[in-house]
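K.L.:
Dropping a prediction and its sequence here:
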Amino acid sequence: MSIHVGDSETAKAFPRAARELLGNEQLRRNVRRATDTIRNKRALVVGETPDWEELRESARQIKQRALRNLDQYLEQFEEACTRAGGVVHWARDADEANRIIVGIIEGHGEKEVIKVKTMTSDETRLNKALEAAGITPYETDLADLIIQLGQDKPSHIVVPALHKNRAEIRELFIRKMGLPGLGTEPEDLAAAARAYLRERFLRVKVGFSGANFAVAETGSVCVVESEGNGRMCVSLPEILITMVGIEKVIPTFQDLEVFLQLLPRSATGERMNPYNSIWTGVTKGDGPREFHVVLLDNGRTGVLADPESRETLHCIRCGACLNICPVYRQTGGHAYGSIYSGPIGAILTPQLHGMEHAQSLPYASSLCGACYEVCPVKINIPEILIHLRRELVESGQAPAMEKMGMKAAGFAMASGDRLGAAEKLARIGQPFAGPFVPGWSGSRDLPEPPKESFREWWAKRK
Amino acid sequence: MLISLFVACYNDALFPETGKAVVRVLERLGHTVEFRAAQTCCGQMHYNSGYHSEAISLMRHFLDVFRGAQTICVPSASCVAMIRDHFPKMAAEAGLEREVEELLPRVFEFTELLVDKLGVTDMGASYPHTVTLHTSCHSLRALQIGDRPERLLKSVRGLELIHLPGSDQCCGFGGTFAIKNADVSTAMLAEKMDCIRGTGAEVCTAADNSCLMHIGGGLSRAGARVRCVHIAEILAS
């Protein structure tokens, strides 16, 4: 298995990574400002959609149906896509997917590829594999370009450079594009990126994209975006390669009606994405003359096998859970040590990647429930976090001290008498133990211990 | 009406005044309160931390203790959320579906009990202070208790209720989260404390002492003069 969800095998545990990031005031300001803006926009456009809850429920049911019959829908997709002139490849894992993609590009003797924003290729570390084969990938999504130029890591699944502000981006462009006189306005930065990218759009012969949805019924692939750079990548090159996580398949074309209402509102607070590209195979004289789809498993069937958490695969990568999350708000995405950050990353990473590499992520949540409330496909993230914690405990991976504490508390709470006795003991012990609880007392005082417990007061009262 | 009090383990040990206040309010309204001394804990800490077999034992104990109790009052929204949202799932594992199904309609969070079951918003309380309300995540999202706490507070003589900005955002407590992720929890708390201090209120209240312990501990450390008081104690005054 070659699952590369991110760098989580080398990543620090969440609390440690978070502690370091909490010291970066500029980054935290950038994250707060960006997430506030998106979540306010989202709230407005969701508020004006009277059937929002019905849409969410429809989406949940469509995804549930798709996953329940995934084998059939994938084969139906393959058949329809092939009929329309596409070539479908099946990749068990990241390495196999990368080999297929490199093979296609090498087969044409090409050395460059222009890319639409896609998390899936971050997951497979495609760019590394391309570079190793002497092929240069160009990210064309503005934010992904910023990440690529800065050799940075994405900190958000929709807005990967959300942790950077305009001044930081300008400085990067000046350095990497050789533009000493670059202006400071957003238009100046956009114009610089446009000039940089336009030349590549017109020259490079191979395009690469991910997919927001793959329609089994028609074999169509759908990508939504805001900049139009994705549209360039899927329409200008001669050869187009699209990698699709197998969970992205939906049964019918009509199902898009539900998702294309939910996704833009949830992701960017827009009623509709500025660019919705849907294409089916190849069309003579229009767009790429060769179209490949790589269907990627990379751990997804393993997630599907667990009935308690398989709804994780409903995710349409809108990022609403990141924008609303009070934990993500404090740290940004890098603390999660995975390309999938925030609440969805906290459940997806351990499941895709294996718990031993991401043990701290199921605990990186206060279980406040805000993520579940905004999720457009109704993934019960808090419940899945608890499920993953349970897996850690029951497979003996929980810390020994915690286990002892929990067992002791369970023992004390087995009866009212025991609890009463434990309360008394704690009160007697407190002056000796001191008012210090590790982890708590660094920033918070403990409450003044009462003279008697409620149960003691009650017993006297009667 | 005979009302059985589930005071919640941490209220029993750390915040007995809240339990006493609930008793005072209910008795003032002419009801009889019973306290079944065998009661312990709803099991939330164990459940949320992944210790399911311990949580199931505690649920079993809860069912035993409150067998036959017709109306159960809980001055802790998060315990009620535990019972309503998670008992059914554990019941399916433990073969206790019927018992839990029968239990759920009898369990009321304190402000729910007053407004919905007993139909009162004015207890004749008097509390001449400025107060801001922290809507805990469990009361807001799990129980959806809506404006019940506000309606109760607005009926209190002399009380001036000041809106808390960002009230739908978690305070950063989250049970063991506050310890396992102390730094992030503290950063979340700092934002909450800024909002609370910004209201200028003398008192911050909530339907959960768990959040209030965390918020109050932070305010005390910061030397702020805002006090944290459970809503039952305001309604009992």
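P.N.:
Cool, got the structure.
K.L.:
For residue A:270, which non-adjacent residue is closest in space?
P.N.:
residue A:264 (4.5 Å; CB to CB, 6 or more residues apart in numbering or on different chains). The way it works is simple: take the backbone N, C-alpha and C, and place the C-beta from them, glycine included.
K.L.:
and residue B:157, what are its bridge partners?
P.N.:
residue B:126 (DSSP bridges).
K.L.:
Can you give me the distance of it to residue B:129?
P.N.:
11 Å (CB to CB, to the nearest Å).
K.L.:
In terms of neighbours, single out the busier of the two.
P.N.:
More crowded of residue B:157 and residue B:129, by other CB atoms under 10 Å in any protein chain shown: residue B:129, with 16 against 11.
K.L.:
show me what contacts the more buried one?
P.N.:
B:158, B:159, B:160, B:201, B:202, B:203 (CB atoms under 8 Å, 6 or more residues apart in numbering or on different chains).
K.L.:
Test my guess that residue A:360 contacts residue A:13.
P.N.:
Yes. The pair residue A:360 / residue A:13 is scored as a contact, 4.0 Å apart, by CB atoms under 8 Å.
K.L.:
which of those two has more neighbours?
P.N.:
More neighbours surround residue A:360 than the other of residue A:360 and residue A:13, with 23 against 15 (other CB under 10 Å).
K.L.:
Report the contact partners of the more buried one.
P.N.:
The neighbours of residue A:360, taking CB under 8 Å, 6+ apart as the test, are A:13, A:14, A:15.
K.L.:
Which strands or helices does the host helix or strand of the last one pack on?
P.N.:
It refers to residue A:15. Using DSSP states H and E, residue A:15 maps to helix A:14-22. For helix A:14-22, the packing partners by 3 or more CB pairs under 8 Å, 6 or more residues apart in numbering or on different chains; DSSP states H and E come out as helix A:25-47, helix A:326-331, helix B:182-199.
K.L.:
Could you point out the helix or strand that follows the second one?
P.N.:
Beyond helix A:326-331 in the direction of the C-terminus, DSSP H and E gives the next helix or strand as helix A:342-353.
K.L.:
Okay, buried residues for that next one please.
P.N.:
Neighbour counts over helix A:342-353 (16 or more other CB atoms under 10 Å in any protein chain shown) mark A:342, A:343, A:344, A:345, A:346, A:347, A:348, A:349, A:350, A:351, A:352, A:353 as buried.
K.L.:
Equivalent analysis for stretch A:82-102, please.
P.N.:
A:84, A:86-89, A:91, A:93-98, A:100-102.
K.L.:
Residue A:109 versus the closest residue to chain A within chain B, what's the distance?
P.N.:
Ranking the residues of chain B by distance to chain A (CB to the nearest CB) places residue B:174 first, at 2.7 Å. Plainly put, residue B:174 is 56 Å away from residue A:109 if you go by CB to CB.
K.L.:
out of the two, which sits in the more crowded spot?
P.N.:
Set residue B:174 next to residue A:109 and count neighbours by other CB under 10 Å: residue B:174 wins out with 27 against 7.
K.L.:
Now that one: closest residue in space that isn't a chain neighbour?
P.N.:
Nearest residue to residue B:174 in three dimensions, chain neighbours excluded: residue A:366, at 2.7 Å (CB to CB, 6+ apart).
K.L.:
How far off centre is stretch A:118-136?
P.N.:
With CA atoms, centre = their mean, to the nearest Å as the basis, stretch A:118-136 stands 18 Å off its chain's centre.
K.L.:
can you check stretch A:238-250 too?
P.N.:
With CA atoms, centre = their mean, you get 17 Å for stretch A:238-250.
K.L.:
Quick check: buried residues in it?
P.N.:
Under 16+ other CB under 10 Å, the buried positions of stretch A:238-250 are A:239, A:240, A:241, A:242, A:243, A:244, A:245, A:246, A:247, A:248, A:249, A:250.
K.L.:
Lovely, talk soon.
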